[in-house]
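Peer 1: Following is a predicted model, sequence given first.
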Number of protein chains: 2
Amino acid sequence: MNKILITGFSGFVSKHFIDYLNENKIKSEILGIDLNVSEYRYNYSEYLSTKFEKVDLLDSIKLRDLIYFFQPNYIIHLASYSSVGLSWKNPSLSFKNNMNIFLNMMEIIRETSPKCRILSIGSSEEYGNVEEDKLPLKEGYSLNPVSPYAVARVSQEQLSKVYCDGYGLDIVMTRSFNHIGVGQKDIFVISSFAKQLVEIKKSIRKEQKLVTGDITIVRDFLDVRDVVDAYYRLLINGKRSEIYNVCSGTGVSLGEVIEIMCKILDMHVEIEIDPSRIRPNDNRVIVGSNEKLRKAIGWEPKIPLKESLKDIIDYWYKKI
Amino acid sequence: MNKILITGFSGFVSKHFIDYLNENKIKSEILGIDLNVSEYRYNYSEYLSTKFEKVDLLDSIKLRDLIYFFQPNYIIHLASYSSVGLSWKNPSLSFKNNMNIFLNMMEIIRETSPKCRILSIGSSEEYGNVEEDKLPLKEGYSLNPVSPYAVARVSQEQLSKVYCDGYGLDIVMTRSFNHIGVGQKDIFVISSFAKQLVEIKKSIRKEQKLVTGDITIVRDFLDVRDVVDAYYRLLINGKRSEIYNVCSGTGVSLGEVIEIMCKILDMHVEIEIDPSRIRPNDNRVIVGSNEKLRKAIGWEPKIPLKESLKDIIDYWYKKI
């Protein structure tokens, strides 16, 4: 049976990862850890046994105990302060909750369970500014991170390599592109749009306008259910010390996303650009290649963007 | 008058930087800070006024006060746990005393003196493993760090770029290759060799053998007096947001260095390889190009290797 340690257990991706294990009848014993108590209630199905512990990944003493006694054979490291915007406001906090937590955990793994397979989640932000004729982004490209968050993620990835090659740990790495889905916080762009549009549709918003940043930027959105499918397969079958883009392979502008959402909701909307939502130094276009991932683990994205957006809107419609 | 903040003030490079200012009659008001009290006694010459404060660069409250009240127009950031070997033994400590101290200081600069010109010292270790036909190393090469120390330095450099481009700070970066000179601690290879050889020469060593790691590796050694000359010129005339190799441009194997030293001391020596001094994953050859530096600031190295080694041996001869 799989013994899986999940960090960032209270987060959005973790919930979908658990659902994935359950739906695919993958028998697992899970220890979930997080800084915050989970909002979700997990079903203890016949396939899953799940325990939760509240712990700060910088608290070496407690973390060492937990890992030593649980002895995971898999770790999926989802914990991260993954907001680029926040990293501009507080770079130290972003570094602490990306690079430092990862380093701290790897030191403990090295001591207590060095044979454990680890999936280290990285970000498409690591690529930074790339000329548009070089798209889609491929894993071999050199990295040019342009935000504090992106630098922290590059550093996590380079540390992963060092822990594989220098200390013999067993780490697989991703560069994950924007993922979207039910349960994602509204500090992320698609959730924010969906929530605002539903509020406007229900006429419960003071200003009947959609507040956005720059909507001409292009991103590669992947449904979180496709993301966790890739993560599980990488955890089991990914190649040690290798990096994989996790992405749809298709770019779409935020303006186009708003159009699709408005069509789903059968509405028109006025847009108000909020300059505080435009980040210094932002990438214009981010689109990845998922060729390496497809070849390595026989994965492909299954959920079209329109279906993802519909599910997200339905979620907010019920919630508000 | 220059108001210069020097971090890592108690270290080896700082002492030579102060000597440089003094010898070149560069009037300066200096605030030196360090975790440790300085071993050196500085002459308060007619050109220099020097103050020292003991502070941990992670102590934001004290550091903010010091920088706010001093209002430097130049910062030379020499503070670093710069040993690759130590970083393998304690990666967290290495990260804390490279990446985290830098990030903490940049946050304070951003708040208190954003117009200050900063020289951020990096390392040739950032390049990592490069095929030998691509030598000498040039600034445009992609980075492939292979030790925890190297990853921390890459991260410091990438943060420098982010602070320049995203927050408008004025930072110049170096990738400094091995430097050598009088006063360097004997945890560094050349100092260690010189000290051991002098002990053997004076017959005060238990085992009359030179203990080494792998002596076939090739490094690019630059005399610290040439290093501080480059640092001062970069501080004044380097281009904002640019990276410069600081190196001699010439590779020499550790074996060759031992030969030159033995000739200076007129002795023969038996070598004992200590496996604990051979690092996992070490670079075989590191040689840099200093073309960019020469063109940018009209600098060139003035002190030949033999003269550097002679001065270092003389130093240990007097000290032991």
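Peer 2: Nice, thanks for sending it over.
Peer 1: and the stretch 51-200 of chain A, which of its residues are near chain B?
Peer 2: A:88, A:91-92, A:95, A:99-100, A:103-104, A:106-107, A:142-143, A:145-148, A:150-152, A:154-155, A:158-159, A:161-162, A:165-167 (C-beta under 8 Å from any C-beta of the partner chain). Glycine gets a C-beta too; all of them are placed from N, C-alpha and C.
Peer 1: Let's see that with 6 Å instead.
Peer 2: A:92, A:95, A:103, A:107, A:142, A:145, A:148, A:151, A:155, A:158-159, A:162, A:165-166 (C-beta under 6 Å from any C-beta of the partner chain).
Peer 1: Does A:V287 touch A:F221 like I think?
Peer 2: No - counting by C-beta atoms under 6 Å, A:F221 is not a contact partner of A:V287; they are 10.2 Å apart.
Peer 1: before we move on, back to that, where neighbours are concerned, which of the residues of the stretch 51-200 of chain A next to chain B has the most?
Peer 2: A:V151 (32 neighbours; other C-beta atoms under 10 Å in any protein chain shown).
Peer 1: Doesn't that one lie inside a helix?
Peer 2: Yes - A:V151 sits within a helix when classified using DSSP: H, G, I helix; E, B strand; the rest coil.
Peer 1: For it, give its distance to B:N129.
Peer 2: For A:V151, the distance to B:N129 equals 22 Å [C-beta to C-beta, to the nearest Å].
Peer 1: Okay, and the beta partners of A:S49?
Peer 2: Counting by DSSP bridges, A:S49 is bridged to A:E29.
Peer 1: Near it, how many other residues are there?
Peer 2: 14.
Peer 1: A:E29 is in contact with that one, correct?
Peer 2: Yes - contact criterion C-beta under 6 Å: A:S49 and A:E29 qualify, at 5.0 Å.
Peer 1: domain assignment for chain A?
Peer 2: A:2-180+A:223-249+A:288-302, A:189-217+A:251-285+A:306-319 (automatic domain parsing).
Peer 1: Nearest to B:K295, out of the ones you listed?
Peer 2: domain A:2-180+A:223-249+A:288-302 (23.4 Å; C-beta to C-beta).
Peer 1: Could you give the average pLDDT over that closest one?
Peer 2: Confidence over domain A:2-180+A:223-249+A:288-302 (mean pLDDT, whole number) is 94.
Peer 1: Look at it and report the distance between its end residues.
Peer 2: When the termini of domain A:2-180+A:223-249+A:288-302 are compared using C-alpha to C-alpha, to the nearest Å, they are 25 Å apart.
Peer 1: Stretch A:118-133 too?
Peer 2: End-to-end distance (C-alpha to C-alpha), stretch A:118-133: 34 Å.
Peer 1: quick one, strands of chain A?
Peer 2: Listed in chain order, the strands of chain A (DSSP state E) span A:2-7, A:28-34, A:48-54, A:74-77, A:117-123, A:170-176, A:179-180, A:209-212, A:218-219, A:222-223, A:243-246, A:252-253, A:270-273.
Peer 1: Is it possible to get TSV of the ones you listed that adds distance to A:P301?
Peer 2: Formatted as TSV, the strands of chain A follow (distance: least, C-beta to C-beta, whole Å):
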stretch	distance to A:P301
strand A:2-7	22
strand A:28-34	24
strand A:48-54	25
strand A:74-77	19
strand A:117-123	17
strand A:170-176	13
strand A:179-180	11
strand A:209-212	26
strand A:218-219	15
strand A:222-223	6
strand A:243-246	10
strand A:252-253	13
strand A:270-273	28
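Peer 1: Could you work out which of those strands reaches nearest to B:V269?
Peer 2: strand A:170-176 (42.6 Å).
Peer 1: so what strands line up beside that closest one?
Peer 2: Sheet pairing for strand A:170-176, using DSSP bridges, gives strand A:117-123 (parallel), strand A:243-246 (parallel).
Peer 1: Relative to the whole chain's centre, how far out is that strand?
Peer 2: Mean C-alpha position of strand A:170-176 versus that of the full chain (C-alpha atoms, centre = their mean, to the nearest Å) differs by 12 Å.
Peer 1: how about that strand as CSV, C-alpha atoms only?
Peer 2: What follows is strand A:170-176, C-alpha atoms only, in CSV (Å, rounded to 0.1, in the frame of the first residue of the first chain):
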residue,chain,number,x,y,z
ASP,A,170,14.8,10.4,-5.3
ILE,A,171,13.1,13.6,-6.5
VAL,A,172,10.9,14.3,-9.6
MET,A,173,10.2,17.9,-10.4
THR,A,174,7.5,19.8,-12.2
ARG,A,175,7.1,23.2,-13.7
SER,A,176,3.4,23.6,-13.3
